[in-house]
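Novice: The following comprises the amino acid sequence and a computationally predicted model.
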Amino acid sequence: MNETRADISVAIETSGRAGGVALGRGDELAATLDFDASARHATQLIVRLDALLVSAGLRPADLNEVYVSAGPGSFTGLRIGITVARTLAQAVDGLRCVAVPTARVVAENVRDLDWQHLAVVLDARDGCACATLFARREGDIVPDGKPAVAPPEQLLAAWPRPVLLVGEALAYQDFAAEGAEILPPDSPRHVPTAETVWRIGRRMARAGQFTDPLHLLPVYSRIPEAVRLWEQRNGRDS
């Protein structure tokens, strides 16, 4: 049976320091390529995505779906990942996009662990973290409330106990507290990966949770510095 375009999908992860791309054939993950996303995201991402497709004997025109880690995360990384996804959608007729929440990707990393409450903490700079609580419901991991941006002590005071903490912010900030379990700092579970972006994106796609490419935008934990300074000078409603 000949493979159709509808069976081919890619995932993009550039929200943090570790980047990657993944390729899927039908409901099976076919290949992944990881790279350092701490700098020069554009060059790394485009080169790796091209290598992933070439190694599989594919072209961008063969793609049907693209799943992209939408944030919160690195301002630069998110902009580039989203831009590449939108560019693919403009260039490939019928290509559909899925915006995958980065916190959900990290939460998926600890699906197999035993926890009652889960907090995914992503760095928001200036001594703050962007935190999302998760709970298990009907076999799935779902957000338990809206994300919050605050210093660690404020977040900890608002969370139920016991709570398991995971996420890249733990490498920069102190979340030690009674009833708060923190995974070892060198654990790979803290980092979102293209493989997990693909797995969640595939489930969202099968549920029809697509995003119009024109409305595909990065989710920032805080507004970019340039926007904040502009609003200070001109007023928020200018």
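Specialist: All right, it came through fine.

Novice: Show me how the chain divides into domains.
Specialist: Taking automatic domain parsing as the domain assignment, the ranges for the chain are 5-103+191-234, 110-190.

Novice: okay, those domains, which one's buried deepest?
Specialist: domain 5-103+191-234 (a mean of 19; mean count of other CB atoms under 10 Å). Where C-beta positions appear, they are placed from N, C-alpha and C, glycine not excepted.

Novice: Considering the domains of the chain, which stretch scores lowest in mean pLDDT?
Specialist: If these are sorted by mean pLDDT, domain 5-103+191-234 sits at the bottom with a mean of 89.

Novice: Please determine how far Arg111 is located from Ile141.
Specialist: Arg111 sits 6 Å away from Ile141, going by CB to CB, to the nearest Å.

Novice: Give me the most central residue, the chain.
Specialist: Centroid-nearest residue in the chain, with CA atoms, centre = their mean: Thr102, separated by 2.6 Å.

Novice: Which residue comes closest to that residue once chain neighbours are left out?
Specialist: Using CB to CB, 6 or more residues apart in numbering and skipping residues adjacent in sequence, the residue nearest Thr102 is Ser15, 4.6 Å away.

Novice: Can you check my assumption that that neighbour lies in a helix?
Specialist: No - checked against DSSP: H, G, I helix; E, B strand; the rest coil, Ser15 lies outside a helix; its state is coil.

Novice: ok, it touching Gly73?
Specialist: Yes - using CB atoms under 8 Å, Ser15 is in contact with Gly73, at 2.9 Å.

Novice: Mind listing the shared neighbours of the two?
Specialist: Counting by CB atoms under 8 Å, 6 or more residues apart in numbering, the shared contacts of Ser15 and Gly73 are Thr102, Pro192.

Novice: before we move on, the earlier item: phi, psi for the residue nearest to the centre of the chain please.
Specialist: Main-chain dihedrals, Thr102, degrees, to the nearest 10: phi -60, psi -40.

Novice: need the contact list for it.
Specialist: Thr102 makes contact with Ser15, Gly16, Ser69, Ala70, Gly71, Pro72, Gly73, Leu122, Pro192, Val219, according to CB under 8 Å, 6+ apart.

Novice: possible to save these as a markdown table with distance to Ala56 and secondary structure?
Specialist: Formatted as a markdown table, the contacts of Thr102 follow (distance: CB to CB, whole Å; DSSP: H, G, I helix; E, B strand; the rest coil):
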| residue | distance to Ala56 | secondary structure |
| --- | --- | --- |
| Ser15 | 24 | coil |
| Gly16 | 25 | coil |
| Ser69 | 21 | strand |
| Ala70 | 25 | strand |
| Gly71 | 28 | strand |
| Pro72 | 31 | coil |
| Gly73 | 27 | coil |
| Leu122 | 31 | strand |
| Pro192 | 23 | coil |
| Val219 | 30 | coil |
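
Novice: what's the closest of those to Phe134?
Specialist: If you rank the contacts of Thr102 by distance to Phe134 using CB to CB, Leu122 comes first, at 13.0 Å.

Novice: Show me what the closest residue to the closest one other than its chain neighbours is bridged to.
Specialist: Nearest in space to Leu122, with sequence neighbours left out and distances taken as CB to CB, 6+ apart, is Cys130 at 4.7 Å. On the basis of DSSP bridges, Cys130 is bridged to Leu122, Val149.

Novice: And Cys130, how far from Ser15?
Specialist: Distance, Cys130 to Ser15, by CB to CB: 11 Å.

Novice: what about stretch 108-117, distance to the chain center?
Specialist: Taking CA atoms, centre = their mean, to the nearest Å, one finds the center of stretch 108-117 at 17 Å from the center of the full chain.

Novice: hmm, I was thinking of stretch 125-138
Specialist: Stretch 125-138 sits 13 Å away from the centroid of its parent chain (CA atoms, centre = their mean).
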